[in-house]
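K.L.:
Fold the following for me, if possible:
(one chain, ligands or ions: 3)
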Amino acid sequence: MSNRKINTSEVLKAYFKSAPSYCEPYGNGHINDTFLVVADRRYILQRMNTVIFTKPAELMENILGVTEHIRAKAREMGSADVERASLVVVPTLDGAKYFVGSENDWWRMYEFTERTVTQEVVESIEDFRNCAVAFGKFQQMLADYPAEKLSETIANFHNTPRRYRNLMKAVEADAFGRLSEVGAEVEFARQREQFAQTLENARAAGKLPLRVTHNDTKLNNILFDEKTHEPVCVIDLDTVMPGYSVNDFGDSIRFGANTAVEDETDLSKVSLDLTLFEAYAEGFIRGCNGSLTETELELLPVGAIMMTFECGMRFLTDYLEGDVYFKVHRPGHNLDRARNQFALVADMERKMDEMNAIIKRLSAN
Ligand code: ADP
Ligand code: GN1
Ligand code: MG
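P.N.:
Numbering: from 1, shown residues only. Ligands and ions are numbered 1, 2, ... in the order given. The predicted structure is shown next:
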């Protein structure tokens with residue numbers, strides 16, 4: 001789905017007395033429609049995806065609460081860059097925190113965080129390590145955030161057994177007649193039905209704590225300083241909810257430690273880069289500052305496989321359901337992504353002993 005056709009004139013009137021000089025689609029997110037706006041300064045304008053986020057008012061309450069909390073923490077910790085440490089929601093001319101258009105389209109605006117860049121692929125091991133520290137610290141900063149104040153913006157977001165069941169429902173329905181193309185992928189998923197339970201079982205046994213987590217720890221959800229490459233700000237806060245630390249770890253590995261991009265179709269290029277895995281693990285453990293329990297540390301490699309497997313199943317489900325969730329830019333895009341993720345799962349499984357050894361070594365330090 002392209003966001004070029006979206007009419008922004010109504011929303012721009014709500015935010016600006018006179019029309020901004022520039023407003024164009026921006027970034028590579030799969031979920032929201034993001035625009036860069038240039039007026040008295042630069043802004044990020046987003047049309048929220050209300051098909052996915054069905055309670056946008058609650059979602060905005062979450063974001064306002066979390067951004068304020070992070071800013072207060074940054075101040076408390078004496079951060080040199082408090083202004084850029086957290087997203088800043090810009091109100092409408094009427095002082096509202098978001099805008100609802102005449103077609104029930106929901107919008108929000110942030111200050112553009114200047115002098116920052118996002119990375120779609122890891123540019124250096126150091127950057128990836130820094131990204132890990134940032135996501136680890138983010139979790140730390142939210143450790144005392146009252147979880148009961150957070151609405152669950154997407155129910156069962158990282159409930160992998162449920163994602164498995166949803167895939168099987170899509171297989172059963174085969175609403176777009178695409179099942180015949182994906183026999184191998186469905187079989188791949190079936191073989192891992194038991195594995196999908198691992199974290200839920202650990203949780204049920206009281207071994208895995210629920211924490212306030214980010215839940216979408218892709219590399220491009222971090223803004224890096226354009227000069228120093230230090231992480232400045234964690235963004236894309238739509239899915240901040242109670243979750244497992246190992247999944248926050250895992251989703252970063254899934255995206256950033258893949259030797260290929262998420263939708264690479266040449267699967268021979270897809271593999272887990274163990275050097276990047278180690279750098280990320282080191283940074284994340286450090287960023288979490290001793291808060292990870294022994295079980296969480298042990299389950300970090302499982303988190304990496306779990307998030308990759310789950311994401312593969314989500315892409316495959318969306319393919320079978322006619323590409324209604326993730327933005328696609330070509331026919332078969334979701335299938336390409338699913339195949340890519342499953343190839344990465346297979347490589348991670350081959351490298352499980354090595355991942356475990358790395359975590360053991362790092363935990364001993
Ligand atoms: P999605 O949920 O669709 O991924 P994001 O909130 O992650 O949407 O935004 C998409 C992209 O827009 C980001 O990857 C980043 O490049 C850019 N972006 C978002 N917020 C800001 C900001 N405050 N300053 C600068 N760039 C931003
Ligand atoms: C989406 O919003 P974005 O592009 O950062 C998705 C993640 C997936 C990711 C796959 C709310 O992330 O869960 O892992 O795509 N976000 C949502 O690239 O579903
Ligand atoms: Mg994003």
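
K.L.:
What sits closest to the most centrally placed residue in the chain if chain neighbours are left out?
P.N.:
The chain has Asp216 as the residue nearest its centroid, 1.8 Å off, counting by CA atoms, centre = their mean. Nearest non-adjacent residue to Asp216, counting by CB to CB, 6 or more residues apart in numbering: Thr239, 4.7 Å away. From N, CA and C alone the C-beta is placed, and that goes for glycine too.

K.L.:
go on, Arg115?
P.N.:
Leaving out its chain neighbours, the residue that sits closest to Arg115 by CB to CB, 6+ apart is Glu226, at 5.1 Å.

K.L.:
quick one: pLDDT of the one you found?
P.N.:
Listed pLDDT for Glu226 reads 96.

K.L.:
give me the number of residues near the residue nearest to Asp216?
P.N.:
By the criterion of other CB atoms under 10 Å, Thr239 has 22 neighbours.

K.L.:
thought it was touching Val212?
P.N.:
No. Look at Thr239 against Val212 with CB atoms under 8 Å: they stay out of range, at 11.2 Å.

K.L.:
who are the neighbours in contact with the residue nearest to Arg115?
P.N.:
Applying CB atoms under 8 Å, 6 or more residues apart in numbering to Glu226 gives the contacts 115-117.

K.L.:
what ranges do the helices span in the stretch 251-365 of the chain?
P.N.:
Counting by DSSP state H, counting those that start in this stretch, the stretch 251-365 of the chain has these helices, from start to end: 274-287, 294-298, 300-320, 333-350, 352-364.

K.L.:
right, and those helices - which one's nearest Gln194?
P.N.:
Among those, the nearest to Gln194 by CB to CB is helix 300-320 (11.8 Å).

K.L.:
is that closest one up against ligand 1 anywhere?
P.N.:
No. Between helix 300-320 and ligand 1, judged by CB under 6 Å from any ligand atom, nothing touches; the nearest distance is 13.8 Å.

K.L.:
Tell me which other helices or strands that helix touches.
P.N.:
If contacts are counted by 3 or more CB pairs under 8 Å, 6 or more residues apart in numbering; DSSP states H and E, helix 300-320 sits against helix 160-173, helix 183-190, helix 198-204, helix 245-256, helix 274-287, helix 333-350, helix 352-364.

K.L.:
any idea whether Arg129 is helix, strand or coil?
P.N.:
Three-state assignment for Arg129 (DSSP: H, G, I helix; E, B strand; the rest coil): helix.

K.L.:
next one: the one 4 residues further on
P.N.:
Val133 falls in the helix class when you classify it by three-state DSSP.

K.L.:
Pretty sure it sits against Cys288.
P.N.:
No. Using CB under 8 Å, Val133 is not in contact with Cys288; the gap is 9.3 Å.

K.L.:
Which strand or helix spans Arg108?
P.N.:
Assigned by DSSP states H and E, Arg108 belongs to strand 106-111.

K.L.:
Quick one: residues in contact with that strand.
P.N.:
Here strand 106-111 makes contact (CB under 8 Å, 6+ apart) with 11, 14-15, 37, 41-48, 50, 56, 60, 63, 87-90, 92, 97-101.

K.L.:
Please convert the buried members of these into PyMOL selection syntax.
P.N.:
Buried residues among the contacts of strand 106-111 (16 or more other CB atoms under 10 Å), as a PyMOL selection:
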select buried, resi 11+14+15+37+43+44+45+46+47+48+56+60+63+87+88+89+90+92+98+99+100
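
K.L.:
Which ones among the contacts of strand 106-111 lie within strands?
P.N.:
37, 42-47, 99-100 (DSSP state E).

K.L.:
Return the member of these nearest to Gly206.
P.N.:
Ranked by distance to Gly206 (CB to CB), those are led by Gln46 at 38.8 Å.

K.L.:
give the contact list for the closest one.
P.N.:
Counting by CB under 8 Å, 6+ apart, Gln46 touches 32-35, 107-110.

K.L.:
And the residues you listed, which two are furthest apart?
P.N.:
Using CB to CB, the pair of the contacts of Gln46 lying farthest apart is Asp33 and Tyr110, separated by 13.8 Å.

K.L.:
the more surrounded of these two?
P.N.:
Per other CB under 10 Å, whichever of Asp33 and Tyr110 has more neighbours is Asp33, with 22 against 17.

K.L.:
What residues are bridge-paired with the more buried one?
P.N.:
Arg47 (DSSP bridges).

K.L.:
Which pLDDT value belongs to it?
P.N.:
Looking at Asp33, its pLDDT is 96.

K.L.:
so where's the protein shaky on pLDDT?
P.N.:
Scanning the chain with the threshold set as pLDDT under 70 gives 1-4.

K.L.:
For ligand 1, give me its nearest residue in it.
P.N.:
Gly29 (2.0 Å; CB to the nearest ligand atom).

K.L.:
number of nearby residues for the residue nearest to that residue when sequence neighbours are not counted?
P.N.:
Spatial nearest neighbour of Gly29, chain neighbours left out: Asp236 (7.1 Å); criterion: CB to CB, 6+ apart. Neighbourhood size, Asp236 [other CB under 10 Å]: 21.

K.L.:
One more: Met352?
P.N.:
So Met352, with other CB under 10 Å, has 14 neighbours.

K.L.:
Enumerate the residues of this structure near ligand 3.
P.N.:
29, 221, 236 (CB under 5 Å from the ion).
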